[in-house]
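Visitor: Output the structure for:
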Amino acid sequence: MSAYRGSQIRVAIGFDTVDELFNDGLGCFIDDVRIVAEPGESVCPTSSFASGCPCLPDYVPVAGGCRNSTSQSGVMQSGGSISVATDSLQFRVEHVPPNAVGLLSQSTSSGTPILFGDGITCTGGPSLRLGTVQASNGVATWPPPGSPPISQRGQIPPGGGTRYYAVFYRDVVTYCAQASYNVTNTQRIQWSP
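Guide: Take a look at the predicted model:
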């Protein structure tokens with residue numbers, strides 16, 4: 001939906017059985033729908049991505065990164081100001097294993113999707129490790145309380161620039177490819193001065 005950023009839109013959910021059989025019931029039930037305006041843009045994997053995830057059939061879409069041992073995708077979202085001068089950017093990761101340790105990484109470019117453990121990574125160029133956080137009930141946030149802002153830790157120049165962020169996290173060894181690690185979706189942040 002990022003193509004509609006700044007526009008007023010109406011979201012509708014349609015249900016079509018595609019046939020004339022057994023259509024007297026209640027169609028579908030939808031719960032917990034959120035539309036979130038984020039400063040970042042999820043660039044990989046995208047909703048049109050034909051999974052390619054090592055633990056899923058090719059036709060299964062992903063909502064964040066590839067699914068993990070919780071049968072969900074580790075999803076990274078962003079919020080706050082992406083101005084270097086007034087940085088309040090915060091990343092929130094949901095749906096990772098309950099006590100997983102995650103590492104926030106910053107890269108200078110996106111790359112071709114490649115397999116990485118039980119997931120897919122799409123970052124390229126030089127990268128910086130911006131800190132680890134242990135999830136609580138499958139949720140983690142960066143920066144941790146009392147830490148410098150992300151632009152400072154990531155050495156973003158005063159004039160801004162584009163950076164790519166993903167969280168690499170531990171998973172259980174007995175899941176899927178037994179790699180014991182996975183990665184969230186990648187977010188692009190266009191820092192302003």
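Visitor: Kindly state the pLDDT recorded for residue 85?
Guide: Residue 85 carries a pLDDT score of 95 in this model.
Visitor: which residues touch it?
Guide: 158, 193 (Cβ atoms under 8 Å, 6 or more residues apart in numbering). (Each C-beta comes from the backbone N, C-alpha and C, glycine too.)
Visitor: Regarding it, what is its secondary structure?
Guide: When classified by DSSP: H, G, I helix; E, B strand; the rest coil, residue 85 comes out as coil.
Visitor: Return the backbone torsion pair for it.
Guide: phi -70, psi -30 (degrees, to the nearest 10).
Visitor: and the gap between it and residue 158?
Guide: 8 Å (Cβ to Cβ, to the nearest Å).
Visitor: Quick check: bridge partners of residue 91?
Guide: Counting by DSSP bridges, residue 91 is bridged to residue 78, residue 142.
Visitor: and it, how many neighbours?
Guide: 26 (other Cβ atoms under 10 Å).
Visitor: that older thread, so what's in contact with residue 85 and residue 158 at the same time?
Guide: What both residue 85 and residue 158 touch, as defined by Cβ under 8 Å, 6+ apart, is the set residue 193.
Visitor: Tell me if I'm right that residue 110 and residue 187 touch.
Guide: No. Using Cβ atoms under 8 Å, residue 110 is not in contact with residue 187; the gap is 10.3 Å.
Visitor: Between those two, point out the one with more neighbours.
Guide: It is residue 187, of residue 110 and residue 187, that has more neighbours when counted by other Cβ under 10 Å, with 21 against 17.
Visitor: What score does residue 155 have for pLDDT?
Guide: So, for residue 155, pLDDT stands at 95.
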